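Enquirer: here you go, sequence then predicted model.
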Amino acid sequence: MDAAQSKGLRAFLARKNIVISARRYGIDALGAMAQGLFCSLLIGTILDTLGTQLGIEALATIGGYASAMSGCAMAIAIGYALQAPPLVLFSLATVGYAANALGSTTLDGGNGAGGPLAVLFIAIIAAECGKAISKETKIDILVTPLVTILIGVGLSAWWAPAIGTAATSVGNIIMWATDLQPFLMGIVVSVVIGIALTLPISSAAICAAFGLTGLAGGAAVAGCCANMVGFAVLSFRENRWGGLLSQGLGTSMLQMGNIVKNPRIWLPAILTSAITGPLATCVFHLEMNGAPVSSGMGTCGLVGQIGVWTGWLSPSEEAIRNGAVAIVPGFGEWAGLILISFLLPAVLCWGFGLFFRKIGWIKEGDLTLQ
C-alpha cells in the first residue's frame, strides 16, 4: 500500500469512526459487554432464583426471559460502546444471539463457556464492518443490516465453537488448578481478578468469558471485595461516607487516577487480596456457583454476594457442569461469606494503609476522589 492509499484508508476509518485501539476494544467494548451481561443474565439469574425460592412463578419466568437475551444485550452494548449507527446497532441483536448460542458449545458438540468471549470478538468485527458500509449506498436500510448480520452470523458459525472450546479449556484449567493448589491459585486468582476490577477493564466479563465458578469463583469474589471494600475503608479519612459508598458498593475504579499518580496506594488492596484469596479457598472453602459474571463483581450492588447465595440454592448451568450441587447454607458458609466479603478486607486494608502512611508511601490527599 502506497502513501496515498494509506492516507486514504486512514481518512476513511476516521470518517467512519472506526478506531482500532486497545482502549476502544479492550476497555470500552469489554466494559460495555459486562453491563449487557449484568442487565440480562445476571438480573435474570437473580429473579429466577428469587422466584423459585419464594414460589413466585412470574418472577422465575421473567428471569428466564432476561437470561435468554444475554447474547443480544451484550452485542448491543458493545455496538453502543463502539458508537455504531442505529441500523448496525439493532442488527447486532441477531449477531449476539448467534455468537452466544454457538459459543456456548464446543467443537465436539458439548456445552461450553465461551458465549460471552465469542460475542466480544464477533460483535466487534461485525459492528466495525457494519459501520464501514453504513450510508455508503442508496439502499442503506437493506445493505447495512445484511452486511452486519451476514458477517456476524457467518463468523459465529465459523469461529464461535472454537472460541467456546478454548474458553472452556482455559476456565477448566483455572478451576482445576484452584482445586489442586487452592493456596497458590487462591492468591493468583484473587490478586489478578482484583487488579482487573480496579483497572479500566471488566473483571466481570473476564470471569463470564471463562466461566469461573466454584473455588476459583470464590477466590475471584475475594479479590474484588479486597479492592472495593479495601479502597473504601482505606480512603475514608479523605472521602468520608460518600467515598465509602461509591467505592464499596460502586467500584474501586474511581481510584485509577490516584493510582496513576502514586501506584503505592494500590499495595494495601493487593496485599489484602493475596491474603483473603487463599483464606477463601483453603479455610472457608468459599464457592461462587451462581452466574460466572458474579465472580467478577465483588460488592458492586452486592452482586458477588448474591451470586454466592444463588449458587448455594440454585447453581448455575456452568457450575452444575463442574459438579456443583444445591446446598442449605449453614453458619460456616455465612460466616465465610461475610468475613471474606466485608470484615477482612476492611480490617486488613486499613491496617496495611496505616503502615504505608507511617513510612510515607501514602500521603494525605493521595486517595482523595475528584
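Expert: Sure thing, it's come through.
Enquirer: the helices in the stretch 251-370 of the chain, which residues?
Expert: 256-261, 267-278, 303-313, 317-321, 331-338, 344-358 (DSSP state H, counting those that start in this stretch).
Enquirer: mind putting those helices into JSON lines with mean neighbour count and distance to Ala232?
Expert: C-betas here are computed from N, CA, C, even on glycine. Formatted as JSON lines, the helices of the stretch 251-370 of the chain follow (neighbours: other C-beta atoms under 10 Å; distance: least, C-beta to C-beta, whole Å):
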{"stretch": "helix 256-261", "mean neighbour count": "14", "distance to Ala232": "14"}
{"stretch": "helix 267-278", "mean neighbour count": "25", "distance to Ala232": "10"}
{"stretch": "helix 303-313", "mean neighbour count": "24", "distance to Ala232": "14"}
{"stretch": "helix 317-321", "mean neighbour count": "20", "distance to Ala232": "29"}
{"stretch": "helix 331-338", "mean neighbour count": "14", "distance to Ala232": "16"}
{"stretch": "helix 344-358", "mean neighbour count": "19", "distance to Ala232": "8"}
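Enquirer: among those, single out whichever gets nearest to Ala81.
Expert: helix 256-261 (18.0 Å; C-beta to C-beta).
Enquirer: can you verify my assumption that Met228 contacts Gly248?
Expert: Yes. The pair Met228 / Gly248 is scored as a contact, 5.8 Å apart, by C-beta atoms under 8 Å.
Enquirer: ok, back up a step: out of the helices of the stretch 251-370 of the chain, which gets nearest to Ile195?
Expert: helix 267-278 (6.9 Å).
Enquirer: sorry, back to before: mind checking which of Met228 and Gly248 has more residues around it?
Expert: Using other C-beta atoms under 10 Å as the criterion, Met228 and Gly248 rank with Met228 on top: 30 against 23.
Enquirer: mind checking the SS state of the more buried one?
Expert: The three-state label given to Met228 by DSSP: H, G, I helix; E, B strand; the rest coil is helix.
Enquirer: just to revisit the earlier point, closest one to Leu234 among the helices of the stretch 251-370 of the chain?
Expert: helix 344-358 (4.4 Å).
Enquirer: chain center to the closest one, what's the gap?
Expert: 27 Å (C-alpha atoms, centre = their mean, to the nearest Å).
Enquirer: next, the angle helix 331-338 makes with it.
Expert: 40 degrees (axes from the mean of the first three to the mean of the last three C-alpha atoms, to 10 degrees).
Enquirer: show me what helix 344-358 is packed up against.
Expert: Under the contact criterion of 3 or more C-beta pairs under 8 Å, 6 or more residues apart in numbering; DSSP states H and E, helix 344-358 touches helix 214-234, helix 267-278.
Enquirer: CA atoms only: put the last one into CSV for me.
Expert: What follows is the C-alpha trace of helix 267-278 in CSV, where atoms were taken according to Å, rounded to 0.1, in the frame of the first residue of the first chain:
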residue,chain,number,x,y,z
LEU,A,267,-0.5,-2.1,47.7
PRO,A,268,-2.8,-2.4,50.7
ALA,A,269,-5.6,-3.7,48.5
ILE,A,270,-3.3,-6.0,46.5
LEU,A,271,-1.8,-7.4,49.7
THR,A,272,-5.3,-7.9,51.2
SER,A,273,-6.4,-9.8,48.2
ALA,A,274,-3.3,-12.0,48.5
ILE,A,275,-4.4,-12.9,52.0
THR,A,276,-8.2,-13.2,51.6
GLY,A,277,-7.9,-15.3,48.4
PRO,A,278,-6.3,-18.3,50.0
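Enquirer: now do it against helix 344-358, angle only.
Expert: Using the same axes, to 10 degrees, helix 267-278 lies at 150 degrees relative to helix 344-358.
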